[in-house]
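Trainee: Structure for this input, please:
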Amino acid sequence: MVHDALRSQFERDGFVIVRSFLDAADLAELNHQLARYIREVVPRQDGSHAFYLDASRPETLKQLHRMSVDPFFEQYRRHPLWQTLAEGLLGEAAEADDPEWFNKPAASNHPTPPHQDNYYFCLQPCQVATIWLALDRVDEGNGCLRYVPGSHLRGVREHSVTSVLGFSQGISDYSQADRRLEVPILLEPGDAVVHHGNAIHRANGNPSPDRDRRAFAMVYRGVSCRRDEAAYARYRAAFEQQHQQVAASASGK
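Mentor: Next up, the predicted model:
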């Protein structure tokens, strides 16, 4: 069950932290399955399933998408603990998209641009919640998430193309005034932060010489959501253009 206080904070701020969301046993099992997926499944997929900072160096793996190709992660989309949290915060039945994995490898200066997830999803009403689970200790020393409280209540800001693979669009006019409002999210392994689809968030790079910043996430869409197909087509066109440019640059073309 989701406590009223948790939902009230989510509705007010656009994000909420859930400490020890996964216990030690569940976290160990998820880490085991992720290691198996990276070792056995990723090498068999095309380039759209995995993004690297440097495609010639497997240790620079930064994002995994479309993980439902694997039976374990297809089933994990219906995990009752995750489902209950998402539906309790959204106040309606919801369904998870494909699970995703994110990393900021140690000593990598690759920030995540300020953005709103629903700019990518194009769903109305924005009954969308992302559950972002820390797999490592996450703090300001290795690129923690940073949110602008209440930003989900002010609509979707203008976005433009970025050079960051996996985040094709970022907020165009993000300012120092926005940065002064940011709240850094400090998490231990097994903690989760849940954010609204319109919550503005970003992250710095990871300057730590020896600590990765790994996370596992699922996006939940309420049953009331409908996609704006024209807006989504524009986003997908920008994403495909960016992906092709990055791929061409990596291959030396």
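Trainee: per-residue confidence at the residue nearest to Asn109 when sequence neighbours are not counted?
Mentor: Setting aside the residues directly before and after it, Asn109 is nearest to Gly205 in space (C-beta to C-beta, 6 or more residues apart in numbering), at 4.1 Å. Using the backbone N, CA and C atoms, a C-beta is placed for each residue, glycine as well. Among the per-residue scores, Gly205 holds a pLDDT of 95.
Trainee: Would you check that Gly14 makes contact with Asn198?
Mentor: Yes - under the contact definition of C-beta atoms under 8 Å, Gly14 touches Asn198, with a separation of 7.0 Å.
Trainee: who's more crowded, those two?
Mentor: Remark: of Gly14 and Asn198, Gly14 carries more neighbours, 25 against 19, as counted by other C-beta atoms under 10 Å.
Trainee: Please give me every residue in contact with that one.
Mentor: With contact set as C-beta atoms under 8 Å, 6 or more residues apart in numbering, Gly14 has these partners: Tyr147, Val148, Pro149, Gly150, Ser151, His152, Leu153, His195, His196, Asn198, Ala199.
Trainee: Checking the third one next. Helix, strand or coil?
Mentor: Following DSSP: H, G, I helix; E, B strand; the rest coil, the label given to Pro149 is coil.
Trainee: That one contacts Leu181, correct?
Mentor: Yes - using C-beta under 8 Å, Pro149 is in contact with Leu181, at 6.7 Å.
Trainee: Show me which of the two is the more surrounded one.
Mentor: Neighbours were counted for Pro149 and for Leu181 using other C-beta under 10 Å; Pro149 has more, 16 against 13.
Trainee: quick one: the more buried one and Glu11, what's the gap?
Mentor: 12 Å (C-beta to C-beta, to the nearest Å).
Trainee: Equivalent analysis for Gln169, please.
Mentor: Distance of Gln169 to Glu11, given as C-beta to C-beta: 26 Å.
Trainee: and what of Tyr52?
Mentor: From Tyr52 over to Glu11 the distance is 37 Å, taken as C-beta to C-beta.
Trainee: could you show me where the helices are in this protein, in order?
Mentor: When secondary structure is read from DSSP state H, the chain shows helices at 4-13, 24-36, 71-76, 80-90, 117-121, 176-181, 229-251.
Trainee: Tell me who's in contact with the residue positioned nearest the centre of the chain.
Mentor: Compute the mean C-alpha point of the chain, and by C-alpha atoms, centre = their mean the closest residue is Ala217, 5.7 Å away. If you count contacts by C-beta under 8 Å, 6+ apart, Ala217 has them with Pro99, Glu100, Trp101, Phe102, Thr130, Ile131, Trp132, Leu133.
Trainee: follow-up on the earlier one: find the one among the helices of the chain with the highest mean neighbour count.
Mentor: The densest packing among these, expressed as mean neighbour count by mean count of other C-beta atoms under 10 Å, is seen in helix 117-121 with a mean of 21.
Trainee: Residues contacting that helix, please?
Mentor: Counting by C-beta under 8 Å, 6+ apart, helix 117-121 makes contact with 126, 128, 130, 156-157, 159, 168-169, 195, 197-199, 219, 221, 227, 232, 235, 239, all of which sit outside it.
Trainee: Next up, the contacts around the closest residue to Arg214 other than its chain neighbours.
Mentor: Of all residues not flanking Arg214 in the chain, Leu135 sits nearest, at 4.1 Å (C-beta to C-beta, 6+ apart). Residues touching Leu135, when contacts are defined by C-beta under 8 Å, 6+ apart, comprise Leu27, Leu30, Asn31, Leu34, Pro189, Arg214, Ala215, Phe216.
Trainee: picking that back up, shared neighbours of Gly14 and Asn198, anything?
Mentor: Counting by C-beta under 8 Å, 6+ apart, the common neighbours of Gly14 and Asn198 are Ser151, His152, Leu153.
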